[in-house]
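K.L.:
Kindly return the folded structure for what I paste below:
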Amino acid sequence: MTYTTLVHGLELYKHAEFSVRIGNPKSSLALCVVWQDVDKILESHPEFLEKFALIGNLRSPFGINVIMYNMALNPHVKHLVVWGPDKLSNTNIGLNGKNALLELWKSGLDEKKQIIGTPFKLVEEIDASIVQLILSHVKLHEESGQPQLDVNLLPEFTDSRYMESARFPEFVVKAPETLPSEGFTYLIREKKGADAYLSLLWHIWKYGKKSPIDEGGEELKEIRDAVVVIENEDPENIQIPEWMLEAKALGINRDALENYYKTQFSPEFYRKEIFPGVVKFERPKDYSYLYSELINAFPRPQEVTNTVQTLLDTQDYEGAMIFIAMNSKLNKEETQMMIESIRQSNLSQNEKAEVLLEALIPPTDQVANVIDRIKRKKADLDKEIVLWDSRYHSKLESGRPCLEKFSFSVRDDRVDVHVFVRTHDICQAWFFNFYGITRLLGKIAKETGCSPGVITIESQSAHIYPRDWETVKKLLKEQIEDKSVRMFFDPEIDGDPRGVMNIDVIDDKIKIKLQDLKSGDMLFEAEGTSARELMYKIKHFKLISRIDHAAFVGSELAKAEMCLKLGIEYKYDGPIELPGGKKIIS
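P.N.:
Alright, predicted model coming up:
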C-alpha cells in the first residue's frame, strides 16, 4: 500500500513498486535513476545521499504519479535530475517511463490529465493546478547521456519554497468485480501467443482476486497457477496483431520485442573478449540479476572467486593458478596450453588470474548444455535451464528472478519447452517473456536440427497491477466485450485435440462416434436414446477437452433427441424442420 510519512524532516510518499530513498533534507535537488536499482546506485555513489533530497527510480510511466506526489509534498525541491546511462534504461522498456516524464515537462497535461503526446494519464487524485506549479518552478535536467554523473556541476541548494506543501488524496484504483472460479490452475490453450495473452488477461480480469504478492504490498488482481499452452507459434515470424500494436500503453512493437530478446535472452550484448579465445560475460553493475547471464553464463560459486582472490593476496599468481588448474573444466592438455599462453602474456598478476579463471572455470552456459544434451540423448528428460540459485536468491528480500526454470523435451523431432514463473506481471511483461522464450526455443531447435514445438508457460502468480487496470479494461472491452461473437466452427482454431464428435440418429438410437482429427480413425463409439445418457458417457470417459466443443456436442445431442422423439430427420450441424414448417438452426 502507499502511505505518507515524515522521514528525516522530509515529507515522503512511498509506493511498493517504486523505490524512493531520503538523502539530504536541505537539498533542493531530486534524482530519478530511471530503470536502475536505487540501492545499488547508492552503494556505488554514496555521495548522492548528500547531494539529493530524494532519490528514486522510474520503471514505468505510472511512477510519474509517485514523482508528482513527492514533488508536491516538498516544494523546496526545484531541480529534478534524470540520469539513466545504463543499457536497460535505454531499451524500449526503460525509455517508456523516462520519455513520458520528459514529455510531461515539455508539453504538460490536457484537460483529462493525460500527458500530451503520450497514452499515459495521471491518477484522478492529483490536482492538475499543482502539477502546473511544479512544471513551472522545477527545472528538469536530462543527464542520461553522461556515463558518470558529476554532482559538482549541478545547481547549489536553495532554501526558498515556490508554494506551500500539498498533499494529494491517497490514490485508490477500484478493483473490478471478481467472478467465482476454480481458484487454482487455469488452463489456457491457443495456437498463437497473442491470443493466449488476451485470454490470460481476460481470465485475470474476470476471475482474479485482490491479493498482495508481497508482505504489506499493494493488492493486485491475481489468479494462481495459470498454465498457458501455445501450440503453433513460428519463432521466425511471431504473430503481433494490429490490436496489440495500437494499444500504445502496452509498449509492444517488433523493435521493442527484439530489443528485449537481445538484452534479456541473448548473451552477445554482454560478452567481451578479455584474452584471445577467452570471453567474459559482464553484467551491468547496477543490476542484481539479468536473465541473459543466468541463462547463458550462470555465475560460478562465489566461494571460488573468493578463494582465488585470497590466494592472489597471500601467495601471488602461482598459488591462484594452481587452485584454478586443479578445478579446471578443460582437459589436462587444454588446461596446460592455456596456462602457458597466459604466462607468456604481459598481463598483470590480477589480470592473469582473471583470464585463467574465466578460461578454466567459466560460468555455465546452460543453453549450450541443453543443445549438447539434445544432440547426444534426445529422448532423455534432462534438458534444464535453472535460473534460481537457492544458495543466494532464497536469502534475498528483493532483486530475485521471476522466471525460474526452463524444461526442454524432444518428441518426434520436435522441441517443446515448459517455463515456470514464480511471479508474473501479465500486462506489461508476459508477452515480452513469451517472445524471448519463443526466440530461444527457435535457436535451440535450429541448432539441434529439430522443429520448434509447444510452449507452456506456467505462472504461479499471474497478476495485473492497479496501474494497468484501465489499460486492460479498455483493451478487453475493444477486443472481447464489443466484438461480434464468431458463430461458426474453424477447424484450425477450434479443433479439439482429443478428436471430433460425430452424431447421427439410426434405428431409433442416437449414435456418437469420436474420430481422430488428422487420420479420421475411429476412437470411441456409443449409443443411447437420450441426450442425457450420452452426455454422461462422454463425461465418464473424458472424451472432450474444450468448452466450445462440449457446448456444441450438447446442443447437437439435444437436437438429435428432439428429432428421435418427433420422428423427423436429423441433420448433423444443420437446420432441422419441425412439424408445421418451423426450423431450428444449429
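K.L.:
if I pick the residue nearest the centre of the chain, what's in contact with it?
P.N.:
The centroid of the chain falls nearest to residue 429 when counting by C-alpha atoms, centre = their mean (3.0 Å). By C-beta atoms under 8 Å, 6 or more residues apart in numbering, the residues touching residue 429 are residue 402. (Glycine included, C-beta is placed from N, CA and C.)
K.L.:
ok, 10 Å please
P.N.:
Applying C-beta atoms under 10 Å, 6 or more residues apart in numbering, we find residue 429 in contact with 93, 260, 402-403, 421, 423.
K.L.:
Using CSV, list the CA coordinates for stretch 160-169.
P.N.:
Extracted in CSV, the C-alpha atoms of stretch 160-169 (Å, rounded to 0.1, in the frame of the first residue of the first chain):
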residue,chain,number,x,y,z
SER,A,160,13.0,29.0,-0.6
ARG,A,161,9.8,27.3,-1.5
TYR,A,162,7.7,28.1,-4.5
MET,A,163,4.4,27.1,-2.8
GLU,A,164,3.0,25.5,0.3
SER,A,165,3.3,21.7,0.6
ALA,A,166,0.4,20.0,-1.0
ARG,A,167,-1.0,16.5,-0.1
PHE,A,168,-3.0,14.7,-2.7
PRO,A,169,-5.5,12.1,-1.5
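K.L.:
List of residues touching that stretch?
P.N.:
For stretch 160-169, using C-beta under 10 Å, 6+ apart, the contacting residues are 4, 11, 13, 28, 65, 68-69, 71-78, 122-127, 129-131, 133-134, 136-138.
K.L.:
buried subset of the residues you listed?
P.N.:
Among the contacts of stretch 160-169, those classed as buried by 16 or more other C-beta atoms under 10 Å are 11, 13, 28, 65, 68-69, 71-78, 122-123, 126-127, 130-131, 133-134, 138.
K.L.:
domain assignment for the chain?
P.N.:
The chain breaks down by automatic domain parsing into domains covering 3-153, 186-267+366-481, 491-584.
K.L.:
Let me have those in TSV, extended by distance to residue 299 and mean pLDDT.
P.N.:
Output for these, formatted as TSV (distance: least, C-beta to C-beta, whole Å; pLDDT from 0 to 100):
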stretch	distance to residue 299	mean pLDDT
domain 3-153	16	89
domain 186-267+366-481	8	95
domain 491-584	41	92
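K.L.:
Now render those as CSV, adding distance to residue 322.
P.N.:
Below are the domains of the chain laid out as CSV (distance: least, C-beta to C-beta, whole Å):
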stretch, distance to residue 322
domain 3-153, 33
domain 186-267+366-481, 26
domain 491-584, 59
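K.L.:
how much space between residue 13 and residue 387?
P.N.:
Counting by C-beta to C-beta, to the nearest Å, the gap between residue 13 and residue 387 amounts to 34 Å.
K.L.:
longest strand anywhere in this structure?
P.N.:
Identified as the longest strand of the chain according to DSSP state E is strand 451-464.
K.L.:
and that one, which strands flank it?
P.N.:
If you go by DSSP bridges, strand 451-464 pairs up with strand 219-230 (antiparallel), strand 414-421 (parallel), strand 424-425 (parallel).
K.L.:
mind checking how far the next helix or strand after the first one is from the chain centre?
P.N.:
Which is strand 219-230. Next in sequence after strand 219-230, counting helices and strands by DSSP states H and E, comes helix 242-246. Mean C-alpha position of helix 242-246 versus that of the full chain (C-alpha atoms, centre = their mean, to the nearest Å) differs by 18 Å.
K.L.:
For stretch 338-352, give the mean pLDDT please.
P.N.:
For stretch 338-352, mean pLDDT is 94.
K.L.:
What lies in contact with that stretch?
P.N.:
By C-beta under 10 Å, 6+ apart, stretch 338-352 touches 274-278, 308-309, 312, 316-318, 320-322, 324-325, 328, 330, 353-356, 359-360.
K.L.:
just the buried members of the residues you listed?
P.N.:
Counted by 16+ other C-beta under 10 Å, these give 275, 278, 308, 312, 317, 320-321, 324-325, 328, 353-356, 359-360 as buried.
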